[in-house]
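In: Could you work out the structure for the sequence below:
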Amino acid sequence: MSGRLGRLLYLVGGMIMPASAAHAQAEIDADTISKLADIVRWSGAITSLFVIGGAWALLRLLSRFVSAFSNEFSSRRLTLQKINTLGQFVIYVATTVLVLLLSFRFDETTLAVIGGTIAVAVGFAMKDLVASFIAGVIVMLDRPFQVGDRVSFGGEYGDITAIGLRSVRMQTLDDNTITIPNSKFLSEITSSGNYGALDMQVVMDFYIAPGQDIDRAYEIVNEAALSSRFVFLAKPVTVLVKQWVSDYLVGVRLRLKAYVLDTRFEKAFESDVNLRVLRAFEAEGIVVPGAVPLPDHGAKHSTKAKTI
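Out: Numbers count the residues shown, from 1 in each chain. The predicted structure is shown next:
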């Protein structure tokens, strides 16, 4: 009889204990929610919505201002874009601080509640965002590139159009907008072609077959660059000559190094110089490796070539 009574008391106690624990847990959760509700300034939260709307309107106005003046004063385009980036950064930070101050009551109790209940969860959920934010600050301070620079990164090539708190935007030469998280720039190599300047060096290679007039080919490449309307003559134009050997062909490589006056004209500059060089090579009978000149009925220099 006593054994049965003991088992009965054990079972009843096991049912009462979880119910008591659940009730206590519910009271703790209700108290936590109540404290969280007390730290929010509801009137300030509504005001914060207007602050965010004003910040959004100010960002749009700043962007339109910079775009309009960049078209009018192209020589100041990079400076205006830097001002736009700095202005956006200041507006973001100021808006964030103002919204926090308006929406929450910060005292010892508030900090304890936030630190004990929300900070860990929010911090874990936003770790990537915080990492990108810190990386964005480092990018702005270290300045591996600037807005307006023509950059090669991660297999992509184009112009940096914006440096934000979370990511960098790049406009490729194919007119695609690419968004890159700031944290990527801390561990990978970035190549900037102009680094804050309007002009940029452009490298072009030209190949000729053995036995061709190297001196004349050199003059053609050099004159084609110097006479282009896109060349920046304040910096030197260089042509480097080197013997070139592949698995099946032998020839001479002429590497042109010249500066384009504005990064926007890089591809136009390449096309202009290549057209001039190819037309002059054809007129002079200078052929590329792997091509054999065809006879032109007694002409001194053939202007046609047949590819093997």
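In: Please report how far Asp247 lies from Gly290.
Out: Going from Asp247 to Gly290 by Cβ to Cβ, to the nearest Å gives 12 Å. (C-beta placed from N, C-alpha, C; glycine too.)
In: taking the mean pLDDT, what do you get for the helix or strand hosting Lys242?
Out: Assessed by DSSP states H and E, Lys242 sits inside strand 238-245. On average, the pLDDT along strand 238-245 is 95.
In: now swap in stretch 101-115 and tell me
Out: 69.
In: Which secondary structure elements does the strand holding Lys242 sit against?
Out: helix 214-226, strand 250-260 (3 or more Cβ pairs under 8 Å, 6 or more residues apart in numbering; DSSP states H and E).
In: Output stretch 219-232 in CSV, but only the C-alpha positions, please.
Out: What follows is stretch 219-232, C-alpha atoms only, in CSV (Å, rounded to 0.1, in the frame of the first residue of the first chain):
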residue,chain,number,x,y,z
GLU,A,219,56.2,54.1,-87.1
ILE,A,220,52.7,53.1,-88.0
VAL,A,221,51.7,52.1,-84.5
ASN,A,222,53.3,55.2,-83.0
GLU,A,223,51.7,57.6,-85.5
ALA,A,224,48.3,55.9,-85.1
ALA,A,225,48.3,56.6,-81.3
LEU,A,226,49.6,60.1,-81.6
SER,A,227,47.1,61.2,-84.2
SER,A,228,44.0,59.8,-82.4
ARG,A,229,41.6,62.4,-81.1
PHE,A,230,41.2,60.4,-77.9
VAL,A,231,44.9,60.3,-76.9
PHE,A,232,46.2,62.2,-73.8
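In: mind starting the numbering at 674 from now?
Out: Yes, from this point I'll number from 674; that puts the last item at stretch 892-905.
In: any residues touching that stretch, and which ones?
Out: Contacting residues not belonging to stretch 892-905 are listed as 872, 879, 906, 910, 912, 927, 929, 931-935, 938, 941-942, 945-946, 949-950, 953-954, 957, 959 [Cβ atoms under 8 Å, 6 or more residues apart in numbering].
In: Need the buried ones from those residues selected in PyMOL.
Out: Applying 16 or more other Cβ atoms under 10 Å to these, the buried members can be selected in PyMOL as follows:
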select buried, resi 872+879+910+912+927+929+931+932+933+934+935+938+942+945+946+949+950+953+954+957+959
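In: quick one: Ala882 and Gly958 touch, right?
Out: No. With contact defined as Cβ atoms under 8 Å, Ala882 does not reach Gly958; the gap is 11.0 Å.
In: Out of the helices and strands packed on strand 911-918, flag the one nearest Arg823.
Out: Between Arg823 and the helices and strands packed on strand 911-918, the tightest spacing by Cβ to Cβ is seen for strand 923-933, at 10.0 Å.
In: Let me know the pLDDT of Val923.
Out: At Val923, pLDDT is 92.
In: That one pairs with what?
Out: Val918 (DSSP bridges).
In: so where is the stretch 674-823 of the chain shaky, pLDDT-wise?
Out: For the stretch 674-823 of the chain, the stretches with pLDDT under 70 are 674-712, 779-792, 794-796, 798.
In: Let me see the mean pLDDT of whichever strand or helix holds Ile833.
Out: For Ile833, the host element (DSSP H and E) is strand 829-836. For strand 829-836, the mean per-residue pLDDT is 92.
In: Right, I'll leave it there.
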